[in-house]
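[1] Quick one: sequence and predicted model below, then my questions.
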Amino acid sequence: VRIKVDLKERSYSIEIESGLLKDAGIMLAPKCRGRAVILTHPILTDYYGDNLRLSLADQGIDTDIIQAQPGERSKRLQTAERIYRQLAQGKYDRNTLLITLGGGVVGDLGGFVASTYLRGISFIQIPTTLLAQVDASIGGKVGLDLPDGKNLVGAFYQPQMVIIDPSTLKTLPIRHLRSGLAEVIKYGLILDAELFNSVESVLDRLLTKEADMLSSVICECCRLKAQLVSEDERDISGSRARLNFGHTFGHAVEKALDYRLTLHGEAVAMGMVAAARLGIKLGVTPPTVEEEIRDLLNRAGLPVRLPKSLTVDAVLDAMRHDKKAETNKLNFVLLERIGASRLVLDVPEQAVRETAKELIEI
Ligand SMILES: NC(=O)c1ccc[n+]([C@@H]2O[C@H](COP(=O)([O-])OP(=O)(O)OC[C@H]3O[C@@H](n4cnc5c(N)ncnc54)[C@H](O)[C@@H]3O)[C@@H](O)[C@H]2O)c1
Ligand SMILES: [Zn+2]
C-alpha cells in the first residue's frame with residue numbers, strides 16, 4: 001500500500017507491505033546520491049540492519065551503521081553530538097542519506113541529526129515499532145529531549161520516504177506492541193469511531209501479531225496521520241494538535257518519572273483515561289466514554305491509572321513546563337464522543353488537579 005503525505009514540494013510516500021525490507025535497497029537507490037548511513041540499535045543491526053546494508057550494497061551504495069543505545073535517554077544532545085562527530089570524521093558530505101531503522105527514539109534522534117548536520121541532509125524512516133509505524137515516523141517532527149522536558153529541541157523536517165514492513169513487528173517485545181496500540185486506540189478516539197470499534201473486535205488478533213490485522217490497522221492510522229499532517233504541517237491550525245489527545249497528562253507523567261518507568265504509549269494510555277475523565281468533568285465528554293476507553297486499554301494490557309509514586313503537584317508542575325503549554329494556560333484535547341475531538345483552551349486548573357488526584361493509584 002502506498003499512502004501519500006501531501007506537502008507540495010516536500011511530499012513523500014509511505015510504503016507499507018509485509019516483507020518490504022528485503023527490497024529496501026532497490027527502493028532507496030533512487031533517493032541516494034552518495035553514501036548512506038543507517039542509525040539503529042545494536043539488536044536491530046543483527047535483526048535487520050546487516051541485511052539492509054547488504055541490500056544497499058547490491059545497488060552499489062556504500063553504507064555504514066551508526067548505533068545508539070536503546071531507550072528514551074538516547075534522545076538527547078549528547079547522543080546527537082556523538083553522531084555528528086562520527087559523520088564528520090567519516091567525511092560524510094551533503095549527499096549523504098541517513099536511514100533511521102528503529103522506533104521513535106531512533107527516528108526522532110536521527111531525523112534531528114539529519115535536519116542539522118551540514119544544515120540538512122536527506123533522510124528516510126524505516127520504523128520497526130508499532131508506535132513508530134503508526135505515528136512517530138510520519139509528519140516530520142524530529143527532536144530531542146532536555147532534562148527540562150520532552151522534545152524541547154527539534155525541527156519540522158520531512159523524510160524523503162517512509163518504509164514500513166509490518167513483519168518487523170515479529171521481533172518486537174510485547175510490551176512495546178501494547179505501547180503502540182495505545183496510539184492506535186488514540187486515532188480511533190480522536191478521529192474514527194469505526195477504527196476504535198474494529199480494534200475492540202480484533203484486539204486479540206493484534207496482540208498475537210496477526211500480520212494482516214496489523215497491516216490493515218497500520219494503513220488506517222497512516223492515512224489518518226497523513227491527512228492531519230497535510231492539513232496542518234506545522235501544528236498551527238489545531239488540526240494536528242488533536243494527535244496530542246492523552247499526551248498532556250502522558251508527557252507530564254513521563255517527565256515526572258524522569259522517562260524511566262513508563263513507555264511512551266503506556267503514559268499515553270494513562271493520559272487518555274485522564275483526558276476522558278477531565279472531559280466528563282467539564283461537560284464536553286459523555287459520561288460513558290471513560291469506561292469504554294478504560295475497558296479497551298485494560299484488555300490491551302495498558303495502564304489506566306497514574307503511578308502511585310506521583311503527586312498531584314508533580315504532575316501539574318511537569319504539565320506547566322510542557323512546550324505546548326502557553327504561559328500558565330492548560331490546554332487539552334478533549335473528546336466530544338468516541339471518534340470526535342477538539343482542542344479546549346485554558347482548562348480550569350482545579351478540574352485538572354481533581355482528575356490527577358482521582359487517578360493516582362492508592
Ligand atoms: N515524531 C513524532 O511525531 C513522534 C510521535 C510519537 C512518539 N514519538 C517519540 O517516539 C519515542 C518512542 O518510540 P517507540 O515507542 O518506538 O520506542 P523506541 O524507539 O524506544 O523503541 C522501543 C524499543 O524496541 C526496540 N525495537 C524496535 N524495533 C524492534 C523490533 N522490530 N524488534 C525488536 N526490538 C525492537 C528498540 O531497540 C527499543 O529498545 C518517544 O521518544 C516519543 O516522543 C515521536
Ligand atoms: Zn505519542
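    Structure's in. What do you need? In this text, all values refer to a predicted model and were calculated from it rather than measured experimentally. Residues are numbered from 1 along each chain as shown. Ligands and ions are numbered 1, 2, ... in the order given.

[2] so what secondary structure elements neighbour the strand or helix carrying Leu278?
    Element membership for Leu278, per DSSP states H and E: helix 264-281. Contacts defined by 3 or more C-beta pairs under 8 Å, 6 or more residues apart in numbering; DSSP states H and E place helix 264-281 against helix 174-191, helix 247-256, helix 288-299, strand 332-337, helix 349-359. All C-beta atoms are positioned from the backbone trio N, CA, C, and that covers glycine.

[3] Which single strand of the protein contains the most residues?
    Ranked by residue count and defined by DSSP state E, the top strand of the chain is strand 149-156.

[4] Please save the CA atoms from that strand in PDB.
    Taking C-alpha atoms only, strand 149-156 is exported to PDB below (Å, rounded to 0.1, in the frame of the first residue of the first chain):
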ATOM      1  CA  GLY A 149      11.200  18.300  29.200                       C
ATOM      2  CA  LYS A 150      10.500  16.100  26.200                       C
ATOM      3  CA  ASN A 151      11.000  17.200  22.700                       C
ATOM      4  CA  LEU A 152      12.100  20.700  23.700                       C
ATOM      5  CA  VAL A 153      14.700  20.900  20.900                       C
ATOM      6  CA  GLY A 154      13.600  20.000  17.400                       C
ATOM      7  CA  ALA A 155      12.500  20.800  13.900                       C
ATOM      8  CA  PHE A 156       9.900  20.100  11.300                       C
END
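
[5] how about the residues of the stretch 51-200 of the chain near ligand 1?
    70, 72, 75, 102-106, 108, 128-129, 131-132, 135-136, 139, 141, 150-151, 168, 171-172, 176, 179 (C-beta under 6 Å from any ligand atom).

[6] Grab the nearest non-local neighbour of the spatially most central residue of the chain.
    Nearest residue to the geometric centre of the chain (C-alpha atoms, centre = their mean): Ala136, 3.0 Å. Take Ala136 and drop its neighbours on the chain: the residue closest to it by C-beta to C-beta, 6 or more residues apart in numbering is Gly104, 3.4 Å away.

[7] Just give me the neighbour total for that neighbour.
    26 (other C-beta atoms under 10 Å).

[8] Quick check: it touching Val134?
    No: the pair Gly104 and Val134 does not pass the contact test of C-beta atoms under 8 Å, sitting 10.4 Å apart.

[9] Identify the contacts common to those two.
    Contact with both Gly104 and Val134 is made by no residue, according to C-beta atoms under 8 Å, 6 or more residues apart in numbering.

[10] Now do the phi/psi pair for the spatially closest residue to Asp192 that is not a sequence neighbour.
    Excluding the flanking residues, the one nearest Asp192 by C-beta to C-beta, 6+ apart is Gly339, at 5.7 Å. Backbone torsions of Gly339, given as degrees, to the nearest 10, read phi 100, psi 0.

[11] can you tell me which residues contact Leu297?
    182, 185, 269, 272-273, 303-304.

[12] and which of those is nearest Glu220?
    Ile185 (12.1 Å; C-beta to C-beta).

[13] So for the closest one, what pLDDT did the model give?
    We have a pLDDT of 98 for Ile185.

[14] For it, give me its contacts.
    Taking C-beta under 8 Å, 6+ apart, one finds 196, 199, 269, 272, 293, 296-297, 300 in contact with Ile185.

[15] tally of neighbours for the residue in the stretch 151-300 of the chain that ligand 1 sits nearest to?
    The stretch 151-300 of the chain approaches ligand 1 most closely through Thr171 (3.5 Å), counting by C-beta to the nearest ligand atom. Number of residues near Thr171 (other C-beta under 10 Å) recorded here: 13.

[16] I'd say it and Tyr47 touch.
    Yes: counting by C-beta under 8 Å, Tyr47 is a contact partner of Thr171 at 5.5 Å.

[17] Distance check, the residue nearest to Ala136 against Leu297.
    Noted for Gly104: a distance of 20 Å to Leu297, by C-beta to C-beta, to the nearest Å.

[18] sorry, back to before: which residues belonging to the helix or strand following the longest strand of the chain are considered buried?
    Using DSSP H and E, the helix or strand that follows strand 149-156 towards the C-terminus is strand 161-164. Under the neighbour-count criterion of 16 or more other C-beta atoms under 10 Å, strand 161-164 has 161-164 buried.

[19] Show the average pLDDT along strand 161-164.
    Averaged over strand 161-164, pLDDT sits at 98.

[20] Over to stretch 250-268?
    91.

[21] pLDDT score assigned to the residue nearest to Ala136?
    At Gly104, pLDDT is 97.

[22] If you count neighbours, what's buried in stretch 48-67?
    Neighbour-count burial for stretch 48-67, with 16+ other C-beta under 10 Å as criterion, is recorded at 48-49, 52-53, 55-56, 59, 61, 63, 65-67.

[23] Go through the residues you listed and name the one nearest ligand 1.
    Once C-beta to the nearest ligand atom is applied, the member of those that ends up nearest ligand 1 is Tyr48, at 7.3 Å.

[24] Now for that closest one: which residues touch it?
    21, 40, 101, 128, 168.

[25] Switch those residues over to CSV; also include neighbour count, secondary structure and pLDDT.
    Below are the contacts of Tyr48 laid out as CSV (neighbours: other C-beta atoms under 10 Å; DSSP: H, G, I helix; E, B strand; the rest coil; pLDDT from 0 to 100):
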residue, neighbour count, secondary structure, pLDDT
Leu21, 22, helix, 95
Thr40, 27, strand, 98
Leu101, 28, strand, 98
Thr128, 28, coil, 98
Thr168, 23, helix, 97
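
[26] Nearest to Arg242 among those?
    So of those, ranked by how close each gets to Arg242 (C-beta to C-beta), first place is Thr128, at 26.0 Å.

[27] Thanks a lot, catch you later.
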